[in-house]
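Participant: sequence and computational prediction follow.
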Amino acid sequence: MPGAIRFHLDECVPVAVGEGLRREGIDVTTTRDQGLFSSSDLEQIEFARREMRVLVTQDADFLRLDRRGIDHLGICFYSPGTRATGEILKRLILIHGVVAPEAMRRHVEFL
């Protein structure tokens, strides 16, 4: 789908979330499949921005980067232990289906 949100999942997000998004035909990359394990949080955000992706994470350090004014194309955040994998997946599929990429710019969506 042209113009649809594309996601980047950091290493804290369960692998099953990425697999589920791919099964739904959603364009997703992960820290694992991009070889970004040793990358800093800032490098992760820069990768997501360069690749035009919304970052999905449970790492609160990304919220601090947002508060510092670091430019990003959107962050979907959930606190560790607060969401089952299926719930995370369901919410990301919903966001993908109803939110335009430009609406996510510099926006933090709490899952």
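Facilitator: Everything's here; your move. Note that this is a predicted model, so its numbers are computed, not measured.
Participant: now do the strands in the chain.
Facilitator: With DSSP state E as the criterion, the chain has strands at 7-9, 28-30, 54-57, 75-77, 108-110.
Participant: quick one: low-confidence parts of this structure?
Facilitator: In the predicted model, the chain carries pLDDT under 70 at residues 1-2.
Participant: thinking again about what came up before, Serialize the strands of the chain to JSON lines and add fields for distance to residue 68.
Facilitator: C-beta coordinates here come from the backbone N, C-alpha and C atoms, glycine included. Converted to JSON lines, the strands of the chain look like this (distance: least, Cβ to Cβ, whole Å):
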{"stretch": "strand 7-9", "distance to residue 68": "19"}
{"stretch": "strand 28-30", "distance to residue 68": "24"}
{"stretch": "strand 54-57", "distance to residue 68": "15"}
{"stretch": "strand 75-77", "distance to residue 68": "13"}
{"stretch": "strand 108-110", "distance to residue 68": "13"}
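Participant: as a markdown table, those strands with mean neighbour count would be great.
Facilitator: Shown next, in a markdown table, are these (neighbours: other Cβ atoms under 10 Å):
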| stretch | mean neighbour count |
| --- | --- |
| strand 7-9 | 25 |
| strand 28-30 | 20 |
| strand 54-57 | 26 |
| strand 75-77 | 22 |
| strand 108-110 | 14 |
